[in-house]
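Visitor: Pasting a predicted model and its sequence here:
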Amino acid sequence: MMNPDVSQRMAQDMKPVLFQPKDLKTENNDVFYTVYRNLGAVPELARYDITVIPARKVGQEFSKTFGHYHRGPQSDLYEVLDGHAYFLTQRYENNPADIKEAYIIEAAAGEKAVTPPNFAHLAINIGDKDLVLANWVGFVEYDYETIKKYAGGCYYVLDGGNNIEFEKNPNYKSVPELKKLKQRDIPELGIKNGAEYPIWNLKTPPAGGPKKLDWLAHPEKYQELLTIKNLYEEI
Ligand SMILES: [Fe+2]
């Protein structure tokens, strides 16, 4: 059993991936978000983490996590415990500057979001209070460098006053139109929207256990199930 691990991402650490880094004053270096890793684990398959992203804005941009690709096909399953999230997720084929698919998965408290295999992802706090996320993730190595190289994900999510705006990141060579999605219930994987079905329950049978979490570590075995169309509905 691994020990829990707390890591804080400071505001200045976020500068390389912000829409307008100059809007973050140099003297401003408080905690941008905190990740509590390994709060639980199913050996060989997945671990359980919690992430807390306080509400804030840097200029017009909503607070967010740094974003990463996984160095492998392993997937994540998120749940919003409190607050309101947009998950930006994107995929390339050969060139990381040339994004082939990009989605926003919207989730309010109790709702789930799978980040699909081979997609980068980051979480955005579009609400006015802390965004608290739980996740199960297969044991992965993270690639933060690719996101850093292009100064963030392929869209920036901005507060436009009465609406939320999506600003294409000009550092990418090509960026597709963004589609908005919501997680479907996936009974085969024990995924069900609603706070009465917390993903923590996937740790042990009958709701969970190794069979229900195997797809996180071995998504290649579940390719037919893990398509965008099967996982989400467009909204
Ligand atoms: Fe991830």
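Guide: Thanks, I have it. Residues are numbered from 1 along each chain as shown.

Visitor: okay, CA-based contacts and neighbour counts for the rest of this
Guide: OK.

Visitor: Can I get the helix of greatest length in the chain in PDB, CA atoms only?
Guide: For the chain, the longest helix by residue count, based on DSSP state H, is helix 210-217. The C-alpha coordinates for helix 210-217 follow below in PDB (Å, rounded to 0.1, in the frame of the first residue of the first chain):
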ATOM      1  CA  PRO A 210     -10.800  -5.100  -9.600                       C
ATOM      2  CA  LYS A 211     -13.300  -6.100 -12.400                       C
ATOM      3  CA  LYS A 212     -14.900  -2.600 -12.300                       C
ATOM      4  CA  LEU A 213     -11.500  -0.800 -12.400                       C
ATOM      5  CA  ASP A 214      -9.600  -3.000 -14.800                       C
ATOM      6  CA  TRP A 215     -10.400  -0.700 -17.800                       C
ATOM      7  CA  LEU A 216      -8.400   2.200 -16.100                       C
ATOM      8  CA  ALA A 217      -5.200   0.200 -16.300                       C
END
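
Visitor: quick one: average pLDDT of the helix or strand following it?
Guide: Next along the chain after helix 210-217, taking DSSP states H and E as the criterion, comes helix 228-231. Averaging pLDDT along helix 228-231 yields 96.

Visitor: Please put the alpha-carbon coordinates of helix 228-231 into CSV.
Guide: Output of helix 228-231 as CSV, limited to C-alpha atoms (Å, rounded to 0.1, in the frame of the first residue of the first chain):
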residue,chain,number,x,y,z
ILE,A,228,-16.5,9.0,-27.4
LYS,A,229,-20.0,8.0,-28.6
ASN,A,230,-20.5,5.3,-26.0
LEU,A,231,-19.0,7.4,-23.1
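
Visitor: buried ones in it?
Guide: For helix 228-231, the buried set under the neighbour-count rule, 16 or more other Cα atoms under 10 Å, comprises residue 231.

Visitor: thinking again about what came up before, contacts for the longest helix of the chain next, please.
Guide: Residues from elsewhere that reach helix 210-217, judged by Cα atoms under 8 Å, 6 or more residues apart in numbering: 42, 45-46, 73-77, 136-139, 188-190, 202-204, 221-222.
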